[in-house]
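Engineer: What follows is a predicted protein model with its sequence.
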Amino acid sequence: MFKFLSGTLTGWIAARAINPDIETPWKPPTYDECLLLGQKAKQAFDHISKKIEELDTTDDELRSED
């Protein structure tokens, strides 16, 4: 139950942080805000995956030179 509540709270805060020009922070996030949050999370995941892959490639090249 705690994991669900903490995940809900984190998602709510993240969605509210996208658009600070809302009339009340207690208003639930809109569908569009949730979609935007999902797109930003996917972009972050893709960026991190790319960086990890670059580091793995560099490590493999360094090991092959030894």
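Structural biologist: Perfect, I can see it now.
Engineer: Longest helix in this structure, please.
Structural biologist: Among the segments of the chain that qualify as a helix by DSSP state H, the longest is helix 31-65.
Engineer: What residues sit buried inside it?
Structural biologist: Within helix 31-65, the residues scored as buried using 16 or more other CB atoms under 10 Å are 33, 37. C-betas here are computed from N, CA, C, even on glycine.
Engineer: same deal with stretch 18-35?
Structural biologist: Applying a neighbour-count criterion of 16+ other CB under 10 Å, one finds 29, 33 buried in stretch 18-35.
Engineer: What score does residue 43 have for pLDDT?
Structural biologist: Here, the pLDDT recorded for residue 43 equals 95.
Engineer: Neighbours of the closest residue to residue 34 other than its chain neighbours, how many?
Structural biologist: With CB to CB, 6 or more residues apart in numbering as the measure, residue 15 is the residue that lies nearest to residue 34, at 6.2 Å, once sequence neighbours are left out. Number of residues near residue 15 (other CB atoms under 10 Å) recorded here: 18.
Engineer: Quick one: list the elements packing against the helix or strand where residue 15 lies.
Structural biologist: Remark: residue 15 resides in helix 2-18, with elements defined by DSSP states H and E. Secondary structure elements in contact with helix 2-18, counted by 3 or more CB pairs under 8 Å, 6 or more residues apart in numbering; DSSP states H and E, are helix 31-65.
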